[in-house]
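Participant: below: sequence and its predicted model.
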Amino acid sequence: MSQTAKVLLLYAHPESQDSVANRVLLEPALQLPNVTVHDLYAHYPDFFYRYCLRTGPAAPA
């Protein structure tokens, strides 16, 4: 029995609304049922990198 792998895509771009190249890559990923996109700048606008890596949704359990 094969299962589709679940994918967590960690997306980080300070000006994502202006990025044409990233939009071309991100929009199809958002349509995939097995892909969860986590926009780091949306959740951490100041992008305090160490904090988000240690305590964010992708932190190890």
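Facilitator: Noted; the coordinates are in hand.
Participant: and Tyr41, how far is that from Gln17?
Facilitator: Relative to Gln17, Tyr41 is positioned 10 Å away (criterion: CB to CB, to the nearest Å). All C-beta spots, glycine's among them, are computed from the backbone N, C-alpha and C.
Participant: likewise for Tyr11?
Facilitator: Noted for Tyr11: a distance of 13 Å to Gln17, by CB to CB.
Participant: the two - which one has more neighbours?
Facilitator: Neighbour tally, Tyr11 and Gln17, criterion other CB atoms under 10 Å: the higher count belongs to Tyr11, 16 against 7.
Participant: now the helices for this structure?
Facilitator: With DSSP state H as the criterion, the chain has helices at 20-31, 40-43, 49-55.
Participant: where among these is average confidence lowest?
Facilitator: Least confident of the helices of the chain, judged by mean pLDDT, is helix 49-55 with a mean of 56.
Participant: which residues touch Ser37?
Facilitator: Rather than Ser, residue 37 is Val. With contacts defined as CB atoms under 8 Å, 6 or more residues apart in numbering, the neighbours of Val37 are 9, 11, 26, 29-30.
Participant: if we use 10 Å, what do you get?
Facilitator: Listed by CB atoms under 10 Å, 6 or more residues apart in numbering, the contact partners of Val37 are 7-11, 26, 29-30.
Participant: now, among those, which is nearest to Thr36?
Facilitator: Checking the contacts of Val37 against Thr36 by CB to CB gives Leu8 as the nearest, at 5.2 Å.
Participant: find the nearest non-adjacent residue to that closest one, please.
Facilitator: Using CB to CB, 6 or more residues apart in numbering and skipping residues adjacent in sequence, the residue nearest Leu8 is Thr36, 5.2 Å away.
Participant: next, count neighbours for that neighbour.
Facilitator: Each residue near Thr36 was counted by other CB under 10 Å, and the total is 14.
Participant: His13 now?
Facilitator: As a burial measure, His13 scores 15 neighbours (other CB under 10 Å).
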